[in-house]
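# Would you be able to build a 3D model of this:
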Amino acid sequence: MDDLAYLKKKLPEYKRDQIVFSIHATIRMIERRLDEEEIVENLLNPKRLEYVIKVSKGKYLCYFGYSKTRCHKYIIVLLKNLLIVSVMKINRRWQRIVEKKARKNETKI
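Residues are numbered from 1 along each chain as shown. As a prediction, the model looks like this:
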């Protein structure tokens with residue numbers, strides 16, 4: 001099973017109270033004007049999840065696409081709770097960036 005299918009299946013298993021934001025993620029959320037409720041909703045209902053890159057065991061880089069020029073990028077860790085390490089907002093064409101990172105990551109493995 002690829003990482004995208006795995007996360008689309010795994011994320012809805014978590015409950016709202018099992019989602020934990022790191023201090024770094026909270027600061028970045030405020031700086032980048034991201035809504036906490038929107039982030040939680042994206043994770044619990046991953047219909048917008050388009051790309052996933054596995055960084056290490058249990059740690060994933062997730063891209064939630066809204067349009068060709070708007071996307072959210074989350075770094076998450078799957079433990080007993082779902083830990084959100086960092087959140088970013090991308091406001092430019094992001095698909096090529098992701099494909100390039102995915103290719104680079106495949107060569108490392």
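
# where's the closest residue to residue 53 other than its chain neighbours, which helix or strand?
Distances taken as CB to CB, 6 or more residues apart in numbering put residue 61 closest to residue 53, at 4.3 Å, once the chain neighbours are dropped. Quick note: C-beta positions are derived from backbone N, CA and C, even for glycine. Per DSSP states H and E, residue 61 falls inside strand 59-65.

# helices or strands next to that strand in the packing?
Judged by 3 or more CB pairs under 8 Å, 6 or more residues apart in numbering; DSSP states H and E, strand 59-65 is in contact with helix 3-10, strand 49-56, strand 71-78.

# what's the burial count for the residue nearest to residue 53?
Residue 61 has 20 neighbouring residues, counting by other CB atoms under 10 Å.

# That one pairs with what?
Beta-bridge pairing for residue 61 (DSSP bridges): residue 53, residue 75.

# Run through the residues that contact it.
Counting by CB atoms under 8 Å, 6 or more residues apart in numbering, residue 61 makes contact with 52, 53, 54, 55, 73, 74, 75, 101.

# Take those and write them to JSON lines, including distance to residue 9 and neighbour count.
Listed next are those as JSON lines, based on distance: CB to CB, whole Å; neighbours: other CB atoms under 10 Å:
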{"residue": "52", "distance to residue 9": "12", "neighbour count": "21"}
{"residue": "53", "distance to residue 9": "17", "neighbour count": "19"}
{"residue": "54", "distance to residue 9": "15", "neighbour count": "15"}
{"residue": "55", "distance to residue 9": "19", "neighbour count": "14"}
{"residue": "73", "distance to residue 9": "21", "neighbour count": "18"}
{"residue": "74", "distance to residue 9": "17", "neighbour count": "20"}
{"residue": "75", "distance to residue 9": "20", "neighbour count": "19"}
{"residue": "101", "distance to residue 9": "23", "neighbour count": "14"}
